[in-house]
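Q: Mind looking at a prediction? Sequence and model below.
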Amino acid sequence: MSKLRMAQYGTKHGHAEGKLLAMQTNPQVELAGVYEPDPAQRERLLCESEPFRRVHWFDDPREMLDDPTIVAVASEGLNAESLAHTEQIVRAGKHVWYDKPAGDDWAHWQRVVRLAERQRVHIQMGYMFRYHNGFRQIAEWVKRGLLGRVFAVRAHMSTWLTPAAREVISTHAGGIFYDLAGHMLDQIVWLLGRPQRVTAFLRNDSGIVPAFKDNTLGVFEFERAIAFVDIAAMEPRPMARRFEVYGVKGSAILLEPFEPAHALRLCLEESGDGFAAGEHIVPVQPQSRQQLYDLELEAFIRTITGAQAPDRPLSHELLVQETLLRATGGISEPAG
């Protein structure tokens, strides 16, 4: 069976090296090359990154976009540039493994999705926790009704960033919430659908980069549920990341740290799904970040080769981005 030829557009996303390594090590993929529009970035990677030293570098994006043998491209530019790159890839008729989030311009992202539908190409967003054993287990329990009707979700995904990293992300309204909250919203809207109302608290409390929102909270109201997502940029390391789902019949908590995860706390009002009523600590097989990238790529390949339906439809990718932009101000909430 011939290998799938892929390429990478951009290298400045925080996941760029990991996604490149996933393509380099996947036996089904032939990596045709990488295009980086910034020559200084390219030189830096040649000096500092072993995976990037092993690639062919395109001098012009048309070299990959016009090559009919390249069927898919990983979009790994900075968040400020990647939506434009993704549009170019889709216009070239190629599938896109697109690293999150999908830009600041809601109308532009909608146009790109419509174009992808017309071109019959697949866009898969880089929300790697879709392939995380703990998050997948919670979603299965919720979908099977083990927890009953979900009435609350709490997600904590803070980090620690250097001043330089804060400066880069400060170009986006919402700051650290824009950068990271999509991971949690990807899970929340998969469980609960579209929120009816979104309220956000986007603060700068460190003063290190005044334009950067570094202490943030999003509150998402559903018809019979509420979700809270809090993210800061100055949490002492190691970070205590946590994901909690509460239903009327039980709760499931992904105990910190959730990367790599080790256990879930499951509490049930009554027996079900092979569990007795009461508290259970359920082991989770740990996965490295690179293993999650590898699983993302495997799902992407199965989808574009017709071996499976997408794990998330484009309507879901739209909903995640819409919900994120409602929180960061990219989409205005109705008055009242």
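A: Perfect, I can see it now.
Q: quick one: S271 from G250, how far?
A: 10 Å (Cβ to Cβ, to the nearest Å). Every C-beta, even on glycine, is put in place using the N, C-alpha and C of the backbone.
Q: Those two: who's more crowded?
A: G250 (25 against 10; other Cβ atoms under 10 Å).
Q: bridging residues for that one?
A: Taking DSSP bridges as the rule, G250 bridges to L268.
Q: Now for it: which residues touch it?
A: By Cβ atoms under 8 Å, 6 or more residues apart in numbering, the contact list for G250 reads W141, L146, L147, G148, L266, C267, L268, E269, G272.
Q: The residue nearest to the last one when sequence neighbours are not counted: neighbouring residues, count only.
A: What it means is G272. Closest residue to G272 apart from its sequence neighbours, by Cβ to Cβ, 6 or more residues apart in numbering: L146 at 5.3 Å. Counted with other Cβ under 10 Å, the neighbours of L146 add up to 19.
Q: The one 4 residues further on too?
A: Using other Cβ under 10 Å, V150 has 22 neighbouring residues.
Q: quick one, phi psi at it?
A: phi -80, psi 130 (degrees, to the nearest 10).
Q: how about the spatially closest residue to it that is not a sequence neighbour, what does it touch?
A: Spatial nearest neighbour of V150, excluding adjacent residues (Cβ to Cβ, 6+ apart): G247 at 4.7 Å. Neighbour list for G247: V142, L146, L147, G148, R149, V150, F151 [criterion: Cβ under 8 Å, 6+ apart].
Q: Let me know the pLDDT of G247.
A: G247 is assigned a predicted lDDT (pLDDT) of 98.
Q: State the distance from it to I226.
A: Distance from G247 to I226, by Cβ to Cβ: 13 Å.
Q: Also K19?
A: Distance, K19 to I226, by Cβ to Cβ: 34 Å.
Q: So those two - more neighbours on which side?
A: Of the pair K19 and I226, K19 is the one with more neighbours under other Cβ under 10 Å, namely 25 against 16.
Q: can you pull the contacts of that one?
A: Q8, A74, E76, W97, D99, G126, Y293, L297 are the contacts of K19 under Cβ under 8 Å, 6+ apart.
Q: Strands - which of the residues you listed land there?
A: Q8, A74, W97 (DSSP state E).
Q: In a strand, F177, correct?
A: No: using DSSP: H, G, I helix; E, B strand; the rest coil, the assignment for F177 is helix, not a strand.
Q: Tell me how many other residues surround it.
A: F177, neighbours per other Cβ under 10 Å, totals 31.
Q: gap between the most centrally placed residue in the chain and I89?
A: Against the mean C-alpha coordinate of the chain, by Cα atoms, centre = their mean, the closest residue is Y127 at 2.4 Å. Using Cβ to Cβ, we find Y127 at a distance of 18 Å from I89.
Q: Please apply the same query to N215.
A: Applying Cβ to Cβ to N215 and I89 gives a distance of 35 Å.
Q: the more surrounded of those two?
A: A count of neighbours by other Cβ under 10 Å puts I89 above the other of N215 and I89, at 28 against 20.
Q: isn't that one right up against A74?
A: No: applying Cβ atoms under 8 Å as the test, I89 and A74 come out as separate, 9.2 Å apart.
Q: picking up where we left off before, run a quick neighbour tally on the closest residue to the residue nearest to the centre of the chain other than its chain neighbours.
A: Excluding its sequence neighbours, the residue lying closest to Y127 (Cβ to Cβ, 6+ apart) is D186, at 4.2 Å. D186 has 26 neighbouring residues, counting by other Cβ under 10 Å.
Q: How about the secondary structure of D186?
A: helix.
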